[in-house]
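Student: I'd like to go over a predicted model; first the sequence, then the structure.
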Amino acid sequence: MSRSVEAFVEKVVARNPGEVEFHQAVYEVFDSIMPYVEKNPVYQKNKILERLVEPERTIIFRITWVNDKGEIQVNRGFRVQMNSAIGPYKGGFRFHPSVNLSIMKFLAFEQVFKNSLTTLPIGGGKGGTDFDPKGKSDNEVMRFCQAFMSELFRHIGPETDVPAGDIGVGGREIGFLFGQYKKLRNEFTGVLTGKGYGWGGSLVRPEATGYGLLYFVEEMLKTRKETLKGKIVAISGSGNVAQYAAEKAMRMGGKVVSFSDSNGSVYDPNGVDEKKLKFIKELKNIKRGRIKEYADKFNCQYLDGQHPWGIKCDVALPCATQNEVDGNEAKTLVKNGCVCVAEGANMPNNPDAIKVYLDAKILYGPGKAANAGGVAVSGLEMSQNSMLLSWPREEVDRRLNDIMKAIHSQCARYGKQGDFINYVAGANIGGFVKVADAMIAQGAI
């Protein structure tokens, strides 16, 4: 860490005590962009870095709801509206017990740069709650979502802030949230993305993050004249992103050998096929079961309490949650011959792991670039809502592929270091320049 970055991060830590995830995100971004900022003093003159780390608005609120036993429950809700320099705030809702202000700010901060890279006019935000939908009935989830939206509806809108789904928030939750917003505002607008196709949603939105991840991996491998065909792919997670990343990887000729959840991982050396993937989707999306059931069903190895990063693979796709890969696990991946790591989750590799990849000069795609497919198609859903039409699947998928190629080009442009592309620097600088220039153009607001 340079002295200038260290001094800046120290100020951020002092101003935001205890927010370790947010501190980590700020360090990771500013460590990349500081040399660029120092060469362009206009950003320092306009205090762009100081403005970027301060949310434009932070909303924290109480959520009171009643469970099936008639007992009153109390949760805490958040919406961090980080930056609207290039468009309305855009970023998902996360429903998970780990949610706190630090995680919300880290995700909103990352979202600013990710959304900038998509080439679409959308700003960055993030929201969520410490409510856990696991083990709750549909009626309990509905009542919670209605209570959540009853507070938040006054702070969002199609031209102000357009949330989407994230961990714990799928089609069911988006439906309940949208229904409550529509009732409270008496209007049918594109206020949320990830909606059902019959009521304002976009085709390819469920697949978008996973598919986009593989489109980005494809572009990364092309820089070394390689393809995914025949490569062994290790995936963590077993939710939406992991499922569709596996689906696209298989169709590109890769051999997917792992999934995981919070209890452990499965290692299937024979590879996942369409039948096995269908089982995973039903297990996780409908039955809401545990990944160990896959190992029991298909007689493969279950790694209790472990991540899948000890598995020998060519491509690793962490698609679970933040900081799931540490330095030692990264060293194991590199030692085992992994040539490409791309993030389907947000910040799944900790700083030690990222340093291992960069030192080894393997292909490493950070989440703000590699997993931007979800928000990209959310942006396309917003466009379709504004025009009151729906594009066919092929049109949306083509636009998604084009956006991921454009993101890769931006990363390559700003991250080229001789024969090596530093995608961390490329993504951070590429995302920064568009937002920073817009902030300067709009004055000190």
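Tutor: It's in. Numbers count the residues shown, from 1 in each chain.
Student: in the stretch 201-350 of the chain, which spans are strands?
Tutor: Using DSSP state E, counting those that start in this stretch, the strands of the stretch 201-350 of the chain run over 232-235, 255-256, 258-261, 264-267, 301-304, 315-317, 340-342.
Student: Report the strands that pair with the first one, each with its relative direction.
Tutor: The one in question is strand 232-235. strand 255-256 (parallel), strand 315-317 (parallel) (DSSP bridges).
Student: The third one too?
Tutor: For strand 258-261, sheet partners with direction are given as strand 264-267 (antiparallel), following DSSP bridges.
Student: all helices of the stretch 101-250 of the chain, in order?
Tutor: Per DSSP state H, counting those that start in this stretch, the stretch 101-250 of the chain carries helices over the ranges 101-117, 138-152, 171-185, 208-222, 240-251.
Student: Redo those as a markdown table? Include mean neighbour count and distance to residue 308.
Tutor: No exception for glycine: its C-beta is placed from N, CA and C like everyone else's. Output for the helices of the stretch 101-250 of the chain, formatted as a markdown table (neighbours: other CB atoms under 10 Å; distance: least, CB to CB, whole Å):
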| stretch | mean neighbour count | distance to residue 308 |
| --- | --- | --- |
| helix 101-117 | 26 | 23 |
| helix 138-152 | 20 | 29 |
| helix 171-185 | 19 | 27 |
| helix 208-222 | 26 | 16 |
| helix 240-251 | 24 | 11 |
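Student: top strand in the chain by residue count?
Tutor: strand 72-83 (DSSP state E).
Student: Any figure for the gap between residue 418 and residue 362?
Tutor: Per CB to CB, to the nearest Å, residue 418 is found 15 Å from residue 362.
Student: residue ranges with poor pLDDT in the stretch 1-150 of the chain?
Tutor: Low-confidence segments of the stretch 1-150 of the chain (pLDDT under 70): 1.
Student: averaged over its residues, what pLDDT does stretch 355-367 have?
Tutor: Computed over stretch 355-367, the mean pLDDT rounds to 97.
Student: quick one: buried residues of it?
Tutor: Of the residues in stretch 355-367, 356-358, 362-367 count as buried by neighbour count, 16 or more other CB atoms under 10 Å.
Student: Could you work out the end-to-end span of that stretch for me?
Tutor: This stretch, stretch 355-367, spans 15 Å end to end (CA to CA, to the nearest Å).
Student: hang on, the earlier thing: can I get the strands paired with strand 232-235 in JSON lines including mean pLDDT and mean neighbour count?
Tutor: JSON lines is the format used below for those (pLDDT from 0 to 100; neighbours: other CB atoms under 10 Å):
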{"stretch": "strand 255-256", "mean pLDDT": "98", "mean neighbour count": "23"}
{"stretch": "strand 315-317", "mean pLDDT": "98", "mean neighbour count": "30"}
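Student: Can I get the ones you listed in a markdown table including distance to residue 293?
Tutor: Formatted as a markdown table, the strands paired with strand 232-235 follow (distance: least, CB to CB, whole Å):
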| stretch | distance to residue 293 |
| --- | --- |
| strand 255-256 | 17 |
| strand 315-317 | 22 |
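Student: so which of the ones you listed gets nearest residue 126?
Tutor: Smallest distance to residue 126 across the strands paired with strand 232-235 (CB to CB): 22.0 Å, for strand 315-317.
Student: gap between the closest one and the chain center?
Tutor: Centroid separation between strand 315-317 and its chain, computed with CA atoms, centre = their mean, to the nearest Å, is 16 Å.
Student: residues in contact with that strand?
Tutor: Here strand 315-317 makes contact (CB atoms under 8 Å, 6 or more residues apart in numbering) with 213, 217, 228, 231-236, 242, 245, 249, 254, 309, 333, 338-344.
Student: Swap in 7 Å and give it another go.
Tutor: Residues outside strand 315-317 that contact it (CB atoms under 7 Å, 6 or more residues apart in numbering) are 213, 217, 228, 231, 233-235, 245, 254, 309, 333, 338, 340-342, 344.
Student: Which pair of those residues spans the longest distance?
Tutor: Most distant of the contacts of strand 315-317, by CB to CB, are 228 and 309, 18.9 Å apart.
Student: Which one's more surrounded, those two?
Tutor: Taking other CB atoms under 10 Å, residue 228 and residue 309 do not tie; residue 309 has more neighbours (26 against 21).
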